[in-house]
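Chemist: task: produce atomic coordinates for the following.
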Amino acid sequence: MTRDKVFNRQNHLNILEKRLKGLKEGYRQNIAFIGDESIGKTSIILRFLNYFNDNSIIPIYLEIRPVSPEHFTKRFIGILLFNFLRNSDIALKEDLDFLISKSEKYIPKTIEKIKLILSVIGKKQKSSLFLDLLFLCESINQETKKHCVVIFDEFHILENLGIKNLYREWAKALLLQKNTMFIITSSAKYKARKILSENLSLLFGNFQVIEVESFDLKTSEEFIEQRLYMVNLGKPLKNFLTHFTGGHPFYLDIISQALTKSASKETGNNTITYVNFTDTLEELLFEESGVLNQKFSNFLERLGENRNITDYISMLYLIASGHNRIRDIAHILRKQRKDILQKMNYLLEIDALTRNGDFFKINDRVFSFWLKFVYKEKVDTLNFDRVEKKNIFKNRINEMVKEFIMNSNKSLSERTVELLRLFENEAVCLDRKRLRLTPFREIKPLGLNCRNLKEGLIARSADSLWIIAFKEDLITEEDIAEFTKECKKHKQRVQRKIVIASGGVDTNAHLKALEEKIWTWNLNNLNQLLDLFNKPRVIL
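Modeler: As a prediction, this is how the structure comes out:
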């Protein structure tokens, strides 16, 4: 079985194909892929380029690194010309002078502009150098009718190249170059969104922003099945792996590789036992040489550059431990809220955290675990017995697995009741809607007189009423209609009507639910709330 590094990202590939088809037909839409580090943005782009073959489109892919403007300029021109000549009968060489000489007879005007650009970059830097580079694409289009697709991977690093008037020049190109498409990616989500909203927000030539996220529950399961096809890993541990990683493909891949290696080395039948599982996580996260231990240690080193790292680590540790509201953090650290918020804002800017209403959450679930059970323990420990510390770490993993499996044996309604009992009037955002988590004085089961919706809950507070229904299969328009009738039977004003559907919601049902002001939650929505309260996810 081959290893597909772009596992189940077909929707993103389809968008790219659609946008490039539109470019050829005269409709240009730029794209920005934004997502966490190692989430798969570059893999999506490279996969598309590997399978893409269209002589009328010239791809210019640059992985942006902090280099000199001269190096960037020569690399941009070299990639442009190399891909322009790729489908010719010329035996290509990665030599800029060679590429210029071979291209001159086909695009003489463009080569003339290239020579002019190259003549000034070694001298005093021209203020419009970046714009001149981008307009080479328009020049080629005028000479050949070919379209260019410029791809800047980690585009925010362009700021470090010393390019004068970077965004002003780029905005001009976006407005004027209707035959050139830009695809950009960024792992600096906070910064990228700010740039796109403040510097590159245009009436024409704007970017379609696409969030590349972790795998959903079904995709995570399929990914694990594919990666561990040679290994016998029981369903409880597979589900725990999905919960532990949050469906992040990088962590799923790293841990799956390590589990496969462990099974082939230590057992004869390729079965992963609980001992194998905890030993594998210990090697990755606890050992000094562990891949993930080094990754997270390096992050803290970068975080500590030119700033007092103690407060930042203390705040991250508290959030990892479940104290993730400003009031809790300020109380425990005995600091003013404004001081806490100032430091939190920095952690938000570097994408260590995200904020959801009154809650803060560490973006990286595995880093959160490492911070709580590895780093903090090593810093604070008074016991230097390494064997004992390893055993403590393994016990913590076993406790997590047992807690997860215990909760997995509960019904969806039981898990929901436990969640509702945690509400303390916090504000959150779910599906772009603001929700007040009302503290309830009564939560009890509710039988529903519907054909397919039988199980429900009713939750009362002093001034509101929530009615919740559950369904394992796909929610249909009929289900929504019947649930609406059930809700009308209650005399107290119903503030929230919610259907939790582990099997998804069809399009007509979703539209009907919007009309009836019914919220339809899937397991991802429920798990978002469970994450905020530091509770195990629901993995069916």
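Chemist: strands of the stretch 101-250 of the chain, start to end?
Modeler: Secondary structure of the stretch 101-250 of the chain (DSSP state E, counting those that start in this stretch): strands at 147-153, 180-186, 207-211.
Chemist: switch the ones you listed over to TSV; also include mean pLDDT, distance to Val417 and mean neighbour count.
Modeler: Where you see a C-beta, it was placed from the backbone N, CA and C, and this is true even at glycine. TSV is the format used below for the strands of the stretch 101-250 of the chain (pLDDT from 0 to 100; distance: least, Cβ to Cβ, whole Å; neighbours: other Cβ atoms under 10 Å):
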stretch	mean pLDDT	distance to Val417	mean neighbour count
strand 147-153	97	46	23
strand 180-186	97	41	25
strand 207-211	95	32	16
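Chemist: let's have those in a markdown table, adding distance to Val379.
Modeler: As requested, these are exported to a markdown table (distance: least, Cβ to Cβ, whole Å):
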| stretch | distance to Val379 |
| --- | --- |
| strand 147-153 | 36 |
| strand 180-186 | 32 |
| strand 207-211 | 34 |
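Chemist: these: which one's closest to Pro236?
Modeler: Within the strands of the stretch 101-250 of the chain, the stretch nearest Pro236 is strand 207-211; the backing value is 30.6 Å (Cβ to Cβ).
Chemist: for the closest one, packing partners?
Modeler: If you count contacts as 3 or more Cβ pairs under 8 Å, 6 or more residues apart in numbering; DSSP states H and E, strand 207-211 packs onto helix 10-24, strand 30-34, helix 189-198.
Chemist: if we use 10 Å, what do you get?
Modeler: helix 10-24, strand 30-34, strand 180-186, helix 189-198 (3 or more Cβ pairs under 10 Å, 6 or more residues apart in numbering; DSSP states H and E).
Chemist: now do the second one: distance to the chain's middle.
Modeler: What it means is strand 30-34. 13 Å (Cα atoms, centre = their mean, to the nearest Å).
Chemist: again with the last one
Modeler: Computed by Cα atoms, centre = their mean, the chain-centroid distance of helix 189-198 equals 15 Å.
Chemist: what comes up buried for it?
Modeler: Neighbour-count burial for helix 189-198, counted by 16 or more other Cβ atoms under 10 Å, picks out Lys189, Tyr190, Lys191, Ala192, Ile195, Leu196.
Chemist: mean confidence for the helix or strand containing Ser413?
Modeler: Per DSSP states H and E, Ser413 falls inside helix 412-420. Mean per-residue pLDDT for helix 412-420: 96.
Chemist: again, but for stretch 81-89
Modeler: 90.
Chemist: output it as PDB, nothing but the C-alphas.
Modeler: Extracted as PDB, the C-alpha positions of stretch 81-89 are listed here (Å, rounded to 0.1, in the frame of the first residue of the first chain):
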ATOM      1  CA  LEU A  81      11.600  30.200 -17.300                       C
ATOM      2  CA  PHE A  82      12.200  26.500 -16.400                       C
ATOM      3  CA  ASN A  83       8.400  25.800 -16.300                       C
ATOM      4  CA  PHE A  84       7.800  27.900 -19.400                       C
ATOM      5  CA  LEU A  85      10.300  25.600 -21.300                       C
ATOM      6  CA  ARG A  86       9.300  22.400 -19.500                       C
ATOM      7  CA  ASN A  87       7.000  21.000 -22.300                       C
ATOM      8  CA  SER A  88       9.400  21.900 -25.100                       C
ATOM      9  CA  ASP A  89      11.900  19.500 -26.700                       C
END
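Chemist: how far does it sit from its chain's centre?
Modeler: On Cα atoms, centre = their mean, the centre of stretch 81-89 falls 35 Å from the chain's centre.
Chemist: which other residues reach that stretch?
Modeler: Stretch 81-89 has contacts (Cβ atoms under 10 Å, 6 or more residues apart in numbering) with 49, 53-55, 57-61, 91-96, 98-104, 106-107, 110-111, 114, 136, 140, 144, 146, 148-149.
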